[in-house]
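# Please work out how this folds:
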Amino acid sequence: MRSSILISLTFLTVLAIGSNAFAAFIDFQTPAGATSDGEFVHADLQITTSKSQITVLLTNLQSDTHSLWQEVSGIEFTLSNGPHLASLTSSSTIDRTVHQNGTWSDASSGTPTGWSMSNLLSNQEIQLKSPGDMKYIKYSLIGSPNPANNRYTTQEGIWMGPQASFTLSCTGVTANTIVTGAIFNFGKTTEIAGVGGGFATVPLPEPASLSLLSLTAIPLLGRRRPRKLA
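Numbering: from 1, shown residues only. So this is what the prediction gives:
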């Protein structure tokens, strides 16, 4: 079932000062109470635009994830001052294995997400999308477990962890490029859409400090290799 829900979002633009480098930082969130096929969802999307580059940090904030309709399976966002031609240069996530009894464990290192990128709407919109699921390998972002017992009630398998990062090379993008709207995809078809509200300008830290904000992606290329549960 396809549903579309208008969301409010936080839209923060940041201009970095110093080192001759400037960037804009935009943050989108689904509102409290948003649902996907009757299940509560909560996600955050952080986008940073700088000269010829876009970095994306996507997080599934929903706790007690127990349904595929709560899993983040894609995003779309629209850029200002287009058209732009983008390409995905790297992506990273930490695989999370959910065991039969609901316990879970994270991989010790990052792996590429396996997501694809498309240029839409005459190269003014960018889509990042999961390729779909295999039997045990889930190419969508799972949220956090039940906070009461730190366990999941979903089926066993290997998901992308709650967070994934992407780096895109994009012609024509600058620190003045604004993201004017975004769509979160959950499960198979649910879309939760929103528009920007306003912005503020504040200085960003020096490049050496950006890793503390988790705004840079781990430079791993290629597709995820299917893995079987032990």
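
# Residue ranges in the protein under the pLDDT threshold?
1-21, 133-137, 193-230 (pLDDT under 70).

# and the closest residue to residue 179 other than its chain neighbours, helix, strand or coil?
Nearest-residue entry for residue 179: residue 26, 4.6 Å, with adjacent residues in sequence omitted and distances by CB to CB, 6 or more residues apart in numbering. Bear in mind the C-beta positions are built from the backbone N, C-alpha and C, glycine included. Classification of residue 26 by DSSP: H, G, I helix; E, B strand; the rest coil places it in strand.

# buried residues in stretch 54-70?
Of the residues in stretch 54-70, those with enough neighbours to count as buried (16 or more other CB atoms under 10 Å) are 54-62, 64-70.

# again, but for stretch 126-146
When burial is assessed from 16+ other CB under 10 Å, stretch 126-146 yields the following buried residues: 126-128, 130, 133, 136-145.

# which residues touch residue 61?
Shown in contact with residue 61 (CB atoms under 8 Å, 6 or more residues apart in numbering): 29, 42, 43, 44, 143, 144, 162.

# For those residues, give me CSV that also has secondary structure and distance to residue 152.
Below are the contacts of residue 61 laid out as CSV (DSSP: H, G, I helix; E, B strand; the rest coil; distance: CB to CB, whole Å):
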residue, secondary structure, distance to residue 152
29, strand, 23
42, coil, 16
43, strand, 18
44, strand, 20
143, coil, 9
144, coil, 9
162, strand, 12
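
# Which of these has the largest number of neighbours?
Sorting those by how many neighbours each has (other CB atoms under 10 Å) puts residue 43 first, at 26 neighbours.

# Could I get the contacting residues of that residue?
29, 30, 58, 59, 60, 61, 62, 72, 141, 184, 186, 192.

# before we move on, what about residue 149?
Contact analysis of residue 149 by CB under 8 Å, 6+ apart lists residue 102.

# Distance of it relative to residue 63?
When distances are taken as CB to CB, to the nearest Å, residue 149 and residue 63 turn out to be 12 Å apart.

# Burial check on residue 37, number of neighbours?
Here the neighbour count serves as a burial measure; for residue 37 (other CB under 10 Å) it reads 17.

# Report the secondary structure state of residue 69.
Of the three states, residue 69 takes helix according to three-state DSSP.

# doesn't residue 36 make contact with it?
Yes. With contact defined as CB atoms under 8 Å, residue 69 and residue 36 form a contacting pair (4.3 Å).

# shared neighbours of those two, anything?
Taking CB under 8 Å, 6+ apart as the contact criterion, the residues that touch both residue 69 and residue 36 are 186, 187, 190.

# Quick check: beta-bridge partners of the closest residue to the first one other than its chain neighbours?
For residue 186, the nearest residue in space outside its immediate sequence neighbours is residue 36; the separation is 3.9 Å by CB to CB, 6+ apart. Taking DSSP bridges, one obtains residue 39 as the residues bridged to residue 36.

# Residue numbering should commence at 45 henceforth.
Let's use 45 as the start, then, which means that last one is residue 80.

# measure residue 80 to residue 152 for me?
From residue 80 across to residue 152, the span is 31 Å (CB to CB).

# Kind regards, and thank you for your time.
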